[in-house]
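# model this:
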Amino acid sequence: MKKDIAGIRKDYQLKSLLEQDLASNPFKQFSKWWEEAVESEILEVNAMTLATATPSGMPNARIVLLKSFSDEGFVFFTNYNSKKGNELLENPHAALVFFWKELERQVRITGRVEKISNQDSDEYFQSRPVGSRIGAWASPQSKVIVSRDVIEKNILAAEEKFASGVIDRPLHWGGYVVMPTVIEFWQGRLNRLHDRLQYSLQQDGSWKIERLAP
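So this is what the prediction gives:
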């Protein structure tokens, strides 16, 4: 079994990533890659790994969904009382990773994290399907529960509470924006000699572009 795992490999050869092909702004570069990823009809194209850490440095990672991006940063939504929410409260820094295997590409993002405005969280919450809005009330995310029955009972209670059809956003649920200080674009190449180009935010607000060894 170990030998079989060690033998799994794939040579990447679809594209290259050269300095002359990069946008001067990493958000423009991300937008370009994003559009190409969407056009490629990648399943769950907005899925990204979110890594957080406790104040002592113990890391945690999970998959979340990107819901918007701009020059301000990358937005996702969650329960503020979840493990990730508590870690971001104590250590407001995070890393994101997109892996679009169909294009043999990764994007790695690190930066500071802040909650988005209540108004923006309200607007997104009301755009969600009814079941997802009920679910935000029903799940004490990351908490230990004795059985699935806890969730089922909470769903019934929430459905009864909001029988009128008006479902307000719970105050413990909303959005975060990851504001990058470093963004790396990774393009797979032959023999593991990948192209890695990194943008680093400078004190004057400009972005420094450097090539990293694969």
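
# does the residue nearest the centre of the chain count as helix, strand or coil?
Centrality entry for the chain: nearest residue to the mean C-alpha point is M48, 4.1 Å, by CA atoms, centre = their mean. Per DSSP: H, G, I helix; E, B strand; the rest coil, the local secondary structure of M48 is strand.

# which pLDDT value belongs to it?
Looking at M48, its pLDDT is 98.

# where's it relative to A158, distance?
28 Å (CB to CB, to the nearest Å). The C-beta positions use only the backbone N, C-alpha and C, and glycine is treated the same way.

# counting by contacts, list what the helix or strand harbouring E184 packs against.
Assigned by DSSP states H and E, E184 falls within strand 173-187. The contact analysis (3 or more CB pairs under 8 Å, 6 or more residues apart in numbering; DSSP states H and E) places strand 173-187 against helix 26-39, strand 73-79, strand 105-115, helix 118-127, strand 195-201.

# neighbours around the nearest residue to A23 once chain neighbours are set aside, how many?
Spatially, and ignoring its direct neighbours in sequence, A23 is nearest to Q29 (4.3 Å; CB to CB, 6 or more residues apart in numbering). Using other CB atoms under 10 Å, Q29 has 21 other residues around it.

# isn't Q29 right up against E184?
No. Using CB atoms under 8 Å as the test, Q29 is too far from E184 to be in contact (10.7 Å).

# give me the common contacts of the two.
Counting by CB atoms under 8 Å, 6 or more residues apart in numbering, the common neighbours of Q29 and E184 are Y199.

# element containing the residue lying closest to W34 once chain neighbours are set aside, please.
Nearest in space to W34, with sequence neighbours left out and distances taken as CB to CB, 6+ apart, is F69 at 7.6 Å. F69 is part of strand 68-70 when elements are defined by DSSP H and E.

# partners of that strand in the sheet?
Paired neighbours of strand 68-70 in the sheet (DSSP bridges): strand 73-79 (antiparallel).

# so the strand it pairs with versus helix 118-127, what angle?
70 degrees (axes from the mean of the first three to the mean of the last three CA atoms, to 10 degrees).

# residues touching strand 73-79, excluding its own?
48, 50, 64-69, 84-85, 96, 109, 111, 116, 121, 124-125, 136, 139, 141-142, 172-180.

# quick one, what contacts the residue nearest to the centre of the chain?
Here M48 is in contact with 63-66, 74, 76, 96-98 (CB under 8 Å, 6+ apart).

# what is the burial count for I167?
19.

# list the buried ones in the strand holding E184?
173-180, 182-187 (16 or more other CB atoms under 10 Å).

# what of stretch 91-105?
92-100, 103-105.

# closest to G205 out of those?
H93 (19.4 Å; CB to CB).

# quick one: that closest one and I109 touch, right?
No. With contact defined as CB under 8 Å, H93 does not count as touching I109 (11.4 Å).

# quick revisit: list the contacts for the residue nearest to A23?
22-23, 183, 185, 199.

# please redo it, this time with the cut-off set to 7 Å
Contact analysis of Q29 by CB atoms under 7 Å, 6 or more residues apart in numbering lists 22-23, 185.
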